[in-house]
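Novice: Starting from these lines, generate the structure:
(2 chains)
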Amino acid sequence: AQKITQTQPGMFVQEKEAVTLDCTYDTSDPSYGLFWYKQPSSGEMIFLIYQGSYDQQNATEGRYSLNFQKARKSANLVISASQLGDSAMYFCAMREGMVIQGAQKLVFGQGTRLTINP
Amino acid sequence: EAQVTQNPRYLITVTGKKLTVTCSQNMNHEYMSWYRQDPGLGLRQIYYSMNVEVTDKGDVPEGYKVSRKEKRNFPLILESPSPNQTSLYFCASSYSTQETQYFGPGTRLLVL
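Specialist: As a prediction, this is how the structure comes out:
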């Protein structure tokens, strides 16, 4: 079974609109972390935002916020006021287990290609 | 500048010709890892290392080798590359107690 599912292969959004990228995850480990990475056409992987399973509040980083719904096992990325430079592939990833115990592996979803239209 | 570097960035080779992709980080990170990215599959872990001389297999280790003789370097070795190893490869690193992993710029490999 897929541990990380991104159901939107592609999304098209008008500039300045908010956009939500979906991510659902599957784990039985009570300790885990959820990440979003951005991959522009140049290919590099850029870390955007992180949410720990025990964090009480949704993570925010500038225009990025993570809508964490633990019971639904979803971790959607919300980009407010989208910009042309937001056009890229976006990956949701999960780390299972506790970092201090050496659990560092990231499991990635298939990605969502976001296109921002002017 | 804190960074993860990979070389080469682009490589075209032929089946069976041994190659090495280097990865180096200047942040004194204990943890380093290699991933490959293929269309529709996201990124999958190949090998990882918790510290010097400590390495272990990830999800797709077949056809790859690694070594960790120094903390800063984690080369990926393809002893006999095959066309199914054509992919985009990423090296990543982090502190052992840190959540966020930092990725290198990627290496595009084409095996003919």
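Novice: For chain B, which segments count as strands?
Specialist: With DSSP state E applied, chain B shows strands at B:4-7, B:10-13, B:19-25, B:31-38, B:42-51, B:54-57, B:65-66, B:76-78, B:87-94, B:102-103, B:107-111, listed in chain order.
Novice: Could you give the bridge partners of residue 65?
Specialist: The chain I'm using is chain A. Beta-bridge pairing for residue A:65 (DSSP bridges): residue A:60, residue A:78.
Novice: other chain: chain B
Specialist: Note on residue B:65: beta-bridge partners by DSSP bridges are residue B:77.
Novice: List the contacts of it.
Specialist: By CB atoms under 8 Å, 6 or more residues apart in numbering or on different chains, residue B:65 lies in contact with B:76, B:77, B:78, B:79. Placement of C-beta: from N, CA and C, glycine included.
Novice: Between which two of those residues is the distance greatest?
Specialist: Greatest spatial distance among those (CB to CB): B:76 and B:79, at 11.0 Å.
Novice: Between the two, which has more neighbouring residues?
Specialist: Neighbours of residue B:76 and residue B:79, each counted by other CB atoms under 10 Å in any protein chain shown, are more numerous for residue B:76; the result is 22 against 12.
Novice: any weak-confidence spans in the chain?
Specialist: Let's take chain A. The model of chain A has pLDDT under 70 over residues A:1, A:98-103.
Novice: Switch to chain B, please.
Specialist: Applying pLDDT under 70 to chain B flags the ranges B:97.
Novice: Can you pull the residues of it lying near chain A?
Specialist: Residues of chain B lying close to chain A by CB under 8 Å from any CB of the partner chain are B:31, B:33, B:35, B:40-45, B:48, B:50, B:58, B:88, B:90, B:92, B:94, B:96-106, B:108.
Novice: Using CSV, write down the CA coordinates of stretch A:63-80.
Specialist: Output in CSV follows, covering the C-alpha atoms of stretch A:63-80 (Å, rounded to 0.1, in the frame of the first residue of the first chain):
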residue,chain,number,x,y,z
ARG,A,63,3.0,31.9,2.3
TYR,A,64,3.1,28.2,3.0
SER,A,65,0.9,26.5,5.6
LEU,A,66,0.3,22.8,6.3
ASN,A,67,-3.3,21.8,7.0
PHE,A,68,-2.7,18.9,9.3
GLN,A,69,-5.7,16.7,10.0
LYS,A,70,-4.3,13.8,12.1
ALA,A,71,-7.5,11.8,12.3
ARG,A,72,-8.0,11.9,8.6
LYS,A,73,-4.2,11.3,8.0
SER,A,74,-4.0,14.2,5.7
ALA,A,75,-1.3,16.9,5.4
ASN,A,76,-2.4,19.3,2.7
LEU,A,77,-0.1,22.2,1.6
VAL,A,78,-1.8,25.5,1.3
ILE,A,79,0.0,28.3,-0.7
SER,A,80,-1.6,31.7,-0.3
